Every structure is written in C-alpha cells, then in structure tokens.
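**Q** Sequence plus the predicted model coming up.
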Amino acid sequence: MDMVKAEGLTYEYIKTIETDHGTEEEKVLALNHLDITVEKGSFIAVLGHNGSGKSTFAKHINALVKPTKGTIWVNGFDTNQEELVWDIRQSAGMVFQNPDNQLVATVVEEDIAFGPENLGVPPKEIRKRVDEALATVGMSEYTTHSPNRLSGGQKQRMAIAGVLAMKPDCIVLDEPTAMLDPVGRKEVMQTILRLNKEEGITMILITHYMDEAAMADDVYVIDDGNLVMHGTPKEIFSEVEQMKHYGLDVPQVTEVAYELRKQGIDIPKDILTVEEMVGAICRLK
Amino acid sequence: MSIKINHLTHIYNRGTAFEKTALQDVTLEIEKGEFIGLIGHTGSGKSTLIQHLNGLISPTEGEILLDGVNIHGDKKNLRSVRQRIGLAFQYPEHQLFEMTVWKDVAFGPNNMKLSAEEVEQRVEQALQTVGIPKELYGKSPFELSGGQKRRVAIAGVLAMNPEVFILDEPTAGLDPKGRDEILDAIKALHEERKITVILVSHSMEDVAKLVDRIIVMHKGRVAMTGTPGEVFSRVEEIEKMGLAAPQISYVFAQLKAKGYPVPTDIYTTKDATKALMDLIGQVKLC
C-alpha cells in the first residue's frame, strides 16, 4: 500500500504584508497540483530552494495544513476528514529543524514518554516504548539526563526517539540536520537509514544537503510549488544544469564528472560518491 | 588592526560541579586584512573564542590585544571594541525588527551619533555590498527570502564600519542559492573594504571557497592552522576531530593512496577538474 498519496494537491494562502502604507494582501500558490506517491518502506528526499513549497508539502502529511484543492492520503487516511487527524498523526510523525523547539520535558525519558502518554498508552507499555526508542537511536545511556546538556545531534536523535515511541509507519523530517555540525549530521543520517532499512519505517527527508538526498531511494524536486523533477538520485543529480537552474546543487564529484565530460572525457555522468569517482578514474586508465 | 591572543584560557562555572574548560592556552595572531576560516565541531571552543574577541565574555587567564591594547583592560573601552569588531550571530535575521530594510540597517549607525548624511551613506553602501537591490529598501524585512533577510542583518553590522567582521555560521539553514549569495556578499565586503573577516563555519566547502587561512579548533585548543590546501590534505586528522574535508578532497586522497601521481591539496571542483585532466593526460604511465 502507499504510505502517502497526493493527487492534485494544491495549497493557497493569503499573505498579509505590513508596510508603512498599511496592510496589503497577496494570494500565494504554495503548492500547485502535486501528484506524489510514496511507497511504504521507502526513503524519499524532497529538494527545493527556500520558499519552494517543500515544507508546506511536509506539513500536509501530518495534517498540520489541509489542501485547498486535491487530496492527500496518509496511510490511506484522507487528511480532509477532521475525525481522522489522530490516526494520521499517529501514522506519520514529524521532526523539525531546530531541536530546541521540540523538546518539552526536563528529563530525556519524560520527553520521549510525552507522545505515548497523550495517546493513552498504559504505563508499562510506555516504559517499554521509551526504552526501545532510546535504544534504537543509540541514546540509552542518556535516559535520565537533562536534554539541555546534549549536543545538537543527540537532541535530534532524541526528537526522533520521541516520534518512534508513538510507533509511526512514517517519519517526515524537515531539514533535521540544518543546525548540526558534521558529526551530528552523520549521527542523524545513520539513524534515519537504519530505521528505514531495519525497521521498515518510511522516511520522508526534506533537505538542502545534496549528499543526504543522494542516499534516498527516490528524489523529488519542488520549484515554486510545482513538482519539476522526480527520479532516483542518479537520474536527478546527473542533470547538473537543470539542478542549478532550480537553485540547487549537486555533489562535488558529480560536478567534476560533468566538467570532465564537457572536456570530452568519457566518464559516467551519474557519479555520486567518492568511491564511484575513484573507481571511474581508475577505469579510465 | 591586528588581533593578538596570548595564552587565552576560559573556564565556565569555575569551582562548581559543572566546571568546564572551553579554551585552553590559545595563542593566535590575526593580521589586518586576513580572511580566516574558524572551524571545529560543536563544543570545540570556537564560539567561546569569538565571544572573547567581541568582549562579550572575559578570559579566565590570558589576554587579547587589539593593536597592542588589552580589550578587557578597561571596561570603558568595550563600547569602542564592539564598534571595531562586528559580530553577526547565528541566524542574525532573528534580530531584524524594524519596519523597513533601510531603517533596520540604519539602527546601529543612528545610535552612534553620526550625521544624517553619514548614516545615509553607510546604509546605502552596506546594502550595496551585500547585494540588496534598491527596490527592497522600503520593504519590510520580514517579506524577504531567508537569504535576503540574512544579508540585511549582515548589512546592519557592516553599517557600523567594523574593522574586523566575525560571522558565526552565516550559511546555516540556507538553500544552495541563498548560501552562494551570502558567500558572495562576504567575499565582496572583504575585497572592497579590506577588513579582516573571520568566518566561523561547519561547512568545509564554504570555508574552502573563500578563506586565506584556516584555524581548526579542537577540545579548546588550536589544533591546526594553515591554508585550505594544507589543512584539507590532512583528511585523516580532520576526520578524527569530528570534521570533514570537502568531498572532492577524499577523491584525491584515495587516488594518491592507490599510487596515482596527484596533488592532495585539492578542495574545489575547479582545481579538481584541472588536476584530473592533467592526470588523464599522462594516462600512458600505467
């Protein structure tokens, strides 16, 4: 079954602008007729420049915003139906960019327990879920610590554990590594990959880091509310010029392969990793 | 203006259970007009260091000399230190507050008791340097894109005419286009004004593109300093410090390990393409 299915998903809003001359209103088309299907158990990445609509798309999956037109089904639940909102939010959890904005308690385990407590899960089961979730993200030793002394990467893994304790089928991550250093980014990406491969949780990752998107099964590019590209990372990133046109980037090795091809060197255009690049160069010899 | 840091040590919460040494015997010299990249993973001490430079915190031991004068020597000097050393914090756009872009940038100079013409000139110049077009001057800063907002915030610091400009993670959270715009603006301000720029970043690619010299902090100490080429050719050591070199540097490290005659101080796609073309030209070697 599909984890997320969007059909003609459209979202419009009225933006009010305060100026010296008073208030002005402007209609903004944030999402324009999007058709996206995310299979259960897959890992997809959504790219797009700031203001492209990708976060608006993410918020639809959690029913934080409802479509103006069109429909989005999450785990088969139509987000337009008010009474399904809790089923939807239990199916798809969200992790945001700033870890400090999503921590609610003063002790790590209490923070993780917050979600299941609100679902009315019995205490014994909560204990079990909290321990399991912290073990899954590699944070068991911090169970009774205070979150304010954790690193950014640890806080984000804690936020992921908090979502895990609600037993979701899908996790939507909106730029979860934007505020982290390279170590923190690596910790979070490894956690995302492991949860996807081992626990089969569908991962929807919104990111500006092309190397992160390169790890996904499928990549979607959104530009000014339109879905403009869709394919495997190799298909997407080998379109260097198109990516730059949409204000995006490609991994350094892909760009070098592109430049070498321009100079007549016969090297594959879909190189994404250091290993692929080194292999391709060795084969040239 | 030269900055001289002598045996700087900073200990937070000294004498309590939370005692933590953030900086340990740091000695550094930064010349006038240098473009420095300050890197280090979270907790390496880089933020503590820049807060000292701006006089926001005082050393536990050691001193910081600005043109030979200890900045923490006389508290009355701090105001002038902060004008001479501008600091753009992380997410500086959170500090925008005025009704228009122009007013926001003018806030700092207006508080410096300058003439109206002088303020006007500074604001105009600062906005030009960061590449904000005239038609945005009258707009509310909150209507702008993320990258534009951040450039306006940077212009606000620039309008104070600092001699040293410190930027803490100026590209965090921006998309590639916004990132390039900010980096271009920083490059422009360094070139036009010949001021000292200290760029604090986790992003090795950003640092590699711009700076003359990199200072790597690790566990409160200066672990490495050198040109980007020198620093990024030491990929293994950088990794051990929880950092990463630009992706392309790894390709050259691996090619070298396989015995290919390649340079290892490559960190931009432009130099990489050139080095690989050179290598391919000598194919017949193998």
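**A** Right, received. Where do you want to start? Numbering: from 1, shown residues only, chains lettered A, B, ... in the order given.

**Q** the helices in the stretch 1-150 of chain A, which residues?
**A** For the stretch 1-150 of chain A, applying DSSP state H, counting those that start in this stretch gives helices covering A:54-61, A:85-91, A:108-118, A:123-136.

**Q** any residues touching the longest one, and which ones?
**A** For helix A:123-136, contacts defined as C-beta atoms under 8 Å, 6 or more residues apart in numbering or on different chains pick out A:108-109, A:112-113, A:116-117, A:121, A:140, A:142-143, A:158, A:161-162, A:164-165, A:167, A:191, A:194-195, A:199. Glycine gets a C-beta too; all of them are placed from N, C-alpha and C.

**Q** swap in the first one?
**A** Taking contacts as C-beta under 8 Å, 6+ apart, the residues outside helix A:54-61 that touch it are A:4, A:6, A:9, A:11, A:30-31, A:34, A:36, A:46-48, A:65-67, A:72, A:74, A:79, A:92, A:94, A:170, A:172, A:174, A:204, A:206, A:222, A:225.

**Q** For stretch A:64-75, buried residues please.
**A** Within stretch A:64-75, the residues scored as buried using 16 or more other C-beta atoms under 10 Å in any protein chain shown are A:64-65, A:67, A:70, A:72-75.

**Q** can you dump the C-alpha coordinates of that stretch into PDB?
**A** The C-alpha coordinates for stretch A:64-75 follow below in PDB (Å, rounded to 0.1, in the frame of the first residue of the first chain):
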ATOM      1  CA  LEU A  64      -0.900  20.500  10.100                       C
ATOM      2  CA  VAL A  65      -2.300  22.100   7.000                       C
ATOM      3  CA  LYS A  66      -5.200  20.900   4.700                       C
ATOM      4  CA  PRO A  67      -5.300  21.100   0.900                       C
ATOM      5  CA  THR A  68      -7.100  24.000  -0.700                       C
ATOM      6  CA  LYS A  69      -7.800  21.600  -3.600                       C
ATOM      7  CA  GLY A  70      -7.000  18.000  -4.200                       C
ATOM      8  CA  THR A  71      -6.400  15.200  -1.700                       C
ATOM      9  CA  ILE A  72      -3.600  13.700   0.300                       C
ATOM     10  CA  TRP A  73      -4.000  10.200   1.800                       C
ATOM     11  CA  VAL A  74      -1.600   9.300   4.600                       C
ATOM     12  CA  ASN A  75      -1.700   5.500   5.300                       C
END
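
**Q** Which segments of chain B make up each domain?
**A** Using automatic domain parsing, the domain ranges for chain B come out as B:3-228, B:246-286.

**Q** So the last one, near chain A or not?
**A** Yes: Domain B:246-286 is in contact with chain A by C-beta under 8 Å from any C-beta of the partner chain, via B:246-248, B:250-251, B:254-255, B:258, B:260, B:269, B:272-273, B:276-277, B:279-280, B:283, B:286.

**Q** Please identify the deepest-packed of the helices of the stretch 1-150 of chain A.
**A** Highest mean neighbour count among the helices of the stretch 1-150 of chain A (mean count of other C-beta atoms under 10 Å in any protein chain shown): helix A:54-61, with a mean of 24.

**Q** Identify the residue nearest the geometric centre of chain A.
**A** residue A:205 (1.9 Å; C-alpha atoms, centre = their mean).

**Q** Pick out the shakiest of the domains of chain B, pLDDT-wise.
**A** Comparing mean pLDDT over the domains of chain B, the weakest stretch is domain B:246-286, at a mean of 87.

**Q** Assign the closest residue to residue B:255 other than its chain neighbours to helix, strand or coil.
**A** Nearest non-adjacent residue to residue B:255, counting by C-beta to C-beta, 6 or more residues apart in numbering or on different chains: residue B:262, 4.8 Å away. Secondary structure assignment for residue B:262 (DSSP: H, G, I helix; E, B strand; the rest coil): coil.

**Q** sorry, back to before: can you put the buried residues of stretch A:64-75 in a markdown table and add pLDDT?
**A** Shown next, in a markdown table, are the buried residues of stretch A:64-75 (pLDDT from 0 to 100):
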| residue | pLDDT |
| --- | --- |
| A:64 | 92 |
| A:65 | 93 |
| A:67 | 96 |
| A:70 | 96 |
| A:72 | 96 |
| A:73 | 96 |
| A:74 | 96 |
| A:75 | 94 |
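
**Q** pLDDT wise, what is residue A:20 at?
**A** With respect to pLDDT, residue A:20 scores 63.

**Q** that older thread, quick one: closest of the helices of the stretch 1-150 of chain A to residue B:60.
**A** helix A:108-118 (30.8 Å; C-beta to C-beta).

**Q** And the average pLDDT for that closest one is what?
**A** 93.

**Q** what's the burial count for residue B:168?
**A** Using other C-beta atoms under 10 Å in any protein chain shown, residue B:168 has 20 neighbouring residues.

**Q** residue contacts, it?
**A** Applying C-beta under 8 Å, 6+ apart, we find residue B:168 in contact with B:47, B:50, B:87-90, B:200.

**Q** sorry, back to before: take the buried residues of stretch A:64-75 and write them to JSON lines, including distance to chain B.
**A** Listed next are the buried residues of stretch A:64-75 as JSON lines, based on distance: C-beta to the nearest C-beta, whole Å:
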{"residue": "A:64", "distance to chain B": "20"}
{"residue": "A:65", "distance to chain B": "20"}
{"residue": "A:67", "distance to chain B": "25"}
{"residue": "A:70", "distance to chain B": "25"}
{"residue": "A:72", "distance to chain B": "24"}
{"residue": "A:73", "distance to chain B": "29"}
{"residue": "A:74", "distance to chain B": "26"}
{"residue": "A:75", "distance to chain B": "30"}
